[in-house]
Structures are given as structure tokens and as C-alpha cells.
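[1] Sequence below, structure please.
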Amino acid sequence: MKKSIYALITISLIACESIQFDDPSTLTNDEAIEKIRSLGYVLTTSSVQTTFSTTTNNAGGSHFSILADQSTNTNGSQSWWDFANEPRLRMNNNSAYRGNAAVREVYSNFYQANLDATKVIDMIENKQVTIYDDAGVDRTADCLIGAYYAKGVSQGYLGVIYDRGIIVDEVSLTERAFPNSYKELIENGIRHLDKVLELTEKTPDLKFDFLKGVTISRTDIIKLTNSVAARILSSVARDKAEAEALSEAHWRKVLDYAEKGFTSDFKIITVSGGYYNGLVDVLERPYSTATYVPVDIKIAWLADKTHQTPNYYPEDNAVILQPIESDDKRFYEYFDYLTNFGILMEARGRGLFSNYIRKRWMYPESTLNVEGAVNPYFLAEESRLLRAEAKFWLNDYLAAAAELNASDASRKTKGGLPDVAPEKETLRSTLHYEYAIEIDGAGGTFVPFTFMRRHDLLQGGTLTQFPVPQIQLDLIGEETYTFGGKDYVGEKGIYGELATARDNGWKLSQ
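    Got it, this is the predicted structure:
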């Protein structure tokens, strides 16, 4: 019998502390299934928890926030400065590089979740194993849904973030290359999420308790699955041309998912040792007299009703920009102005400076990783924006404007903003603004980066996708590759997709 070992993944399939054996690696697959009645429940719990935490991860998520000019930094921690640098640098894909942790962590976490979930599905569908929880209750139907959810999200996210990968849907897979394109990864992930919806329809008594201290209702699982499917499926394109070339059926499918998604914010309360939104936590975390990851000047540039804010901070050390004036009441609720620059260092480029920090999700203890903190996981406004954008790509500008002008839209109820005209570029600008202001870090690891990617709004030289981490390439003897850098604008990937943004974004490259 083969043991549960996968050559392409550098972390183990089963955590020793979870199954309470001195040396679980000595068990074959079948022996583990026979001896550990709760093994399937343990693996489902592991895969779901890993999936949830990685979708709102700090490592990777903060880097995409910087690449989207949502955030700025001159700090060497996690090599944030390298990702914020203007002009853009080519990404270092060396496994010894500190910033490569962002690439490695997201990759390994999602593949680990996928592998754990694959094992559960194999146990149930191929081996007809009944899965019990620690109390001896039959949880087979629940675990099958949890496993398909973890697989759908993890594979979908891998396709959104990386240029290629490997679809692992069989426990006996021996493939050692990365044969699947980002499109194939996303398509396969969506099929798994469709399976979640199919199975949930047949499971009226579903108990989704795989997040520590949290039980998600059946109704919310349906909405969550649809919402995340819309987010993933909308994020295929690496540039505007690719987004425009997607079929009408594609964008109607995005719209269908979004229409069945959340209509109220889905939030998760932190319990001790449980889930918390690591991305929002680091973006808002106080540091000195400012925050660890300040807001980029783009946010003020977008919200300034006088249009006097520059898109690059003045290099003159005597100049400190004054607070902006905005017609959007949300701006004052979500962001704070400071006259100091916190930990931003002039020697590393004053043009990266900012006078604004986030405060929207701040908890009294200044972190979301404490009991009782409220974590945004999927906002209702993102569902609205996905509906509006799908209609935009379907050339139904009146319907797209109606979504944005709805009386219950945040831009109306909280922002007090006027109606948007049903015109193509006005709608694009409004969608960009709403992703930047309303969704920001609450959208998780790659939102709003992927919105900017598919609308040609990224700053020139910004990579549009991560490469497979070097540590994985080394395992199969494949040459290390990477993307990004001002000297590589317009660079294409192996599938003909745009891999490094052209210099036609929201601002031109320095």
C-alpha cells in the first residue's frame, strides 16, 4: 500500500497531533482509515480551516494590496518595499528571498487544503467509508460537502493567483509537472463549487461546523458558495482584452452566482485559536503613531473632490499634503488623516508616502486576533459590484448603473453620493472606486487586485500573476521563472496571457 505522500507538496498530508498516533506516517492509507474513525472529519476540518484562513491571508494578501496601490510601504518586512517600489521591480522567485514567503505560503496552504479534501472525497466516494466525528456521530454527508467546498475554493484561488499548477483530484496521482493552466484550475474549482450546491440541496440537515467555534448555516453556505464562485469566475482575465473576449455565457454565469450570493455582510466572530482576517489585521494594525501598512495615495487621489491630490507623493521634504475634501461620507468613516508618516522612510522613496491609515475594522485591542472581534469575510457590496460588473461586460450599462444607484447601495446609504450615469467609462471608474473604498482589505487575498487586472488599471510593470514557487519547481527540475518589472511591460505568459501589466493603468509608471 502506498502511504499518503505527494512529491510536489513540501508539507505533510496529515498533522501528527490531529490523529493521536505516535508515528502516523507508518500507517498506509487503508490502515489509517480503518484505525481512525474520525480521520475524515479531522481532514475536512483541516482543509476547511486552511481554506478560510488563506483566502484572507496576510502573506500574499498584503502584497497584492500593495501591487494594486491600495497600500504602500517602505518596510523590509516581508519585502513589502520591493513590491511597492516605483518603478515596479521584477519579482524575486528565489526560495531564499524573504518576500517569496508570500508566493510559497499561499501556494502550499491551498494545495494542502486540496490534498486533505481529496483524501476525504476518496474515502467517501471510492471506499464507501462512513465518517464519524469525535463524538461518534455519522458526518459523512457534511464532510463530503466540506471537502468539495475546500477543493473548489483552493483550486479556484490557485488559478486566480498563479499562472499554472496541477489539478489534484486523485489520491494516487503521480504527475510531477504543472500541466494545468490558470483557466483549467479555475474551471475545475468552479465544478467543485457546483458540486457543493448540488449536495447541499440534497442535505437539508447540513451541519457545517468545520471552523473552530463557528457553525455556518446551510443558507449561508449556499450564499457563500455562490458568492465565492462569482468572485473566482470573474477573476480569470489577466487584462481587459481577455475579459472582453470571455463569452456572454461566462459573464451570465458570473451574474447568476452573484445574484444568489450575499445580500447582507457575512462576518465571522473570532474565538480563541480560531479564524480571524489576517489581511485586515495587518493592514490596520497600529505601529508607532501610524499603522503597519498605510493606505496608498491612490485612495485619497480617487476620493478627492477637488482633484488636487497627486498620484505620487511630492519629493520635496518640506511638503506635507493637507487632508482632502470628499463628497463620500464613507471616506471619513473608513480612513484617518495623519500629519506624520509613521514608519515610512524617506531614504526609500518619499514618493511612496501617504497621510492616511485605515480604521474601519479596528477592534479595541487593535487586532482582530482576539475573542469577540468581528471579521469581514464577504461583504454584500462585493456581490452588488459583481452583479454590476457582469452587466457591464454584457454591455447592459443601464442595468449596471441601476445596481450602483440602488437605494440600499453603500455608496448611497453611507456615502451620500449622486447617481452614476449609464456610460461605459463612468461605470468602470465607479466600479474601480467602489472596490478601492468599500471592499479594500475586506475582499481578501486578491480583491481588488484582480478587478484592476481585468480592467488594465494596474500600474505599468506590475506582475499580473504569481509564478509557481521556486521550491516547487526545484522538486521536478524545472527552471525558475518570474514576472513583473518596468522593463518587461506587456510580457506574455506561456498561454499567451498578459503576465506583466502594460503602462496604461490608473497612473503611468515612474
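
[2] Does Ala101 touch Asn57 like I think?
    No - counting by C-beta atoms under 8 Å, Ala101 sits too far from Asn57 to count as a contact (10.8 Å). In this view, the C-beta of every residue, glycine as well, is placed from N, C-alpha and C.

[3] Which of those two has more residues huddled nearby?
    Asn57 (23 against 16; other C-beta atoms under 10 Å).

[4] so what's that one up against?
    For Asn57, the contact set (C-beta atoms under 8 Å, 6 or more residues apart in numbering) comprises 105-106, 109, 278-279, 445.

[5] Please point out which parts of stretch 245-257 sit buried.
    246, 250-251, 253-257 (16 or more other C-beta atoms under 10 Å).

[6] and of the residues you listed, the nearest to Ser429?
    Trp251 (19.5 Å; C-beta to C-beta).

[7] check which helix or strand covers the closest one.
    Using DSSP states H and E, Trp251 sits in helix 248-259.

[8] Not counting that helix itself, show me its contacts.
    226-227, 229-230, 233-234, 236, 383, 386-387, 389-391, 393-394.

[9] thinking again about what came up before, pLDDT and distance to Thr130 added to the buried residues of stretch 245-257, as CSV?
    Output for those, formatted as CSV (pLDDT from 0 to 100; distance: C-beta to C-beta, whole Å):
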residue, pLDDT, distance to Thr130
Leu246, 98, 42
His250, 98, 39
Trp251, 98, 42
Lys253, 98, 35
Val254, 98, 37
Leu255, 99, 39
Asp256, 98, 35
Tyr257, 99, 32
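
[10] follow-up on the earlier one: state the pair within the contacts of helix 248-259 that is farthest apart.
    Ser227 and Leu394 (19.3 Å).

[11] Comparing the two, which shows the higher neighbour count?
    Neighbour count, other C-beta under 10 Å: between Ser227 and Leu394, Ser227 has more, with 25 against 16.

[12] excluding its backbone neighbours, what's nearest the more buried one?
    Gly261 (3.5 Å; C-beta to C-beta, 6 or more residues apart in numbering).

[13] For the one you found, give me its contacts.
    Listed by C-beta under 8 Å, 6+ apart, the contact partners of Gly261 are 223-224, 226-227, 230, 378, 383, 386.

[14] run the last query once more with 10 Å
    222-231, 378, 380, 382-384, 386-387 (C-beta atoms under 10 Å, 6 or more residues apart in numbering).

[15] Surely it is in a helix?
    No - the assignment for Gly261, made by DSSP: H, G, I helix; E, B strand; the rest coil, is coil rather than a helix.

[16] mind starting the numbering at 10 from now?
    With the count now opening at 10, the last piece we talked about shows up as Gly270.

[17] hang on, Gly351 packs against Thr298?
    Yes - Gly351 is within contact range of Thr298, at 6.0 Å (criterion: C-beta atoms under 10 Å).

[18] How many residues are close by the nearest residue to Pro213 once chain neighbours are set aside?
    Leaving aside its sequence neighbours, Pro213 sits nearest to Arg227 (C-beta to C-beta, 6+ apart; 7.3 Å). By other C-beta under 10 Å, 16 other residues sit near Arg227.

[19] which one of Gly351 and Thr298 has more residues nearby?
    Remark: of Gly351 and Thr298, Gly351 carries more neighbours, 21 against 12, as counted by other C-beta under 10 Å.

[20] nearest spatial neighbour of that one, skipping sequence neighbours?
    Ala299 (2.5 Å).

[21] Likewise for Gly165?
    Residue nearest to Gly165 in three dimensions, not counting chain neighbours: Gly198, with 2.9 Å by C-beta to C-beta, 6+ apart.

[22] ok so, going back, show me the common contact partners of Ala110 and Asn66, please.
    Common contacts of Ala110 and Asn66 (C-beta under 10 Å, 6+ apart): His72.

[23] coming back round to it: where does the residue nearest to Gly165 fall, secondary structure wise?
    helix 191-210.

[24] average pLDDT for that helix?
    On average, the pLDDT along helix 191-210 is 98.

[25] show me what contacts Thr348?
    Counting by C-beta under 10 Å, 6+ apart, Thr348 has contacts 298, 329-332, 364.

[26] Any chance of a markdown table for the residues you listed, columns distance to Asp91?
    Compiled in a markdown table, the contacts of Thr348 are given as follows (distance: C-beta to C-beta, whole Å):
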| residue | distance to Asp91 |
| --- | --- |
| Thr298 | 25 |
| Ile329 | 26 |
| Leu330 | 25 |
| Gln331 | 30 |
| Pro332 | 30 |
| Asn364 | 23 |
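
[27] need those in JSON lines with distance to Thr81, pLDDT and secondary structure, can you?
    Formatted as JSON lines, the entries for the contacts of Thr348 read as follows, by distance: C-beta to C-beta, whole Å; pLDDT from 0 to 100; DSSP: H, G, I helix; E, B strand; the rest coil:
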{"residue": "Thr298", "distance to Thr81": "16", "pLDDT": "80", "secondary structure": "coil"}
{"residue": "Ile329", "distance to Thr81": "16", "pLDDT": "96", "secondary structure": "coil"}
{"residue": "Leu330", "distance to Thr81": "13", "pLDDT": "98", "secondary structure": "coil"}
{"residue": "Gln331", "distance to Thr81": "18", "pLDDT": "97", "secondary structure": "coil"}
{"residue": "Pro332", "distance to Thr81": "17", "pLDDT": "98", "secondary structure": "coil"}
{"residue": "Asn364", "distance to Thr81": "11", "pLDDT": "96", "secondary structure": "coil"}
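
[28] Selection in PyMOL covering whichever of the residues you listed are buried, please.
    Those of the contacts of Thr348 that count as buried under 16+ other C-beta under 10 Å are selected in PyMOL with:
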select buried, resi 330+364
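
[29] Including distance to Lys307, could the buried residues of stretch 254-266 go into TSV?
    Shown next, in TSV, are the buried residues of stretch 254-266 (distance: C-beta to C-beta, whole Å):
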residue	distance to Lys307
Leu255	27
His259	29
Trp260	27
Lys262	31
Val263	26
Leu264	28
Asp265	32
Tyr266	29
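
[30] how about the helices of the stretch 160-309 of the chain, start to end?
    Ranges of helices in the stretch 160-309 of the chain, per DSSP state H, counting those that start in this stretch, are 191-210, 227-242, 249-254, 257-268, 287-293, 306-312.

[31] quick one: average pLDDT of the fifth one?
    On average, the pLDDT along helix 287-293 is 96.

[32] Restricting the selection to alpha carbons, write that helix to PDB.
    The C-alpha trace of helix 287-293 is given here as PDB (Å, rounded to 0.1, in the frame of the first residue of the first chain):
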ATOM      1  CA  GLY A 287      -5.200  38.200   8.900                       C
ATOM      2  CA  LEU A 288      -5.100  40.600   5.900                       C
ATOM      3  CA  VAL A 289      -7.300  43.300   7.500                       C
ATOM      4  CA  ASP A 290      -5.500  42.700  10.800                       C
ATOM      5  CA  VAL A 291      -2.100  43.600   9.300                       C
ATOM      6  CA  LEU A 292      -3.500  46.400   7.100                       C
ATOM      7  CA  GLU A 293      -5.000  48.200  10.100                       C
END
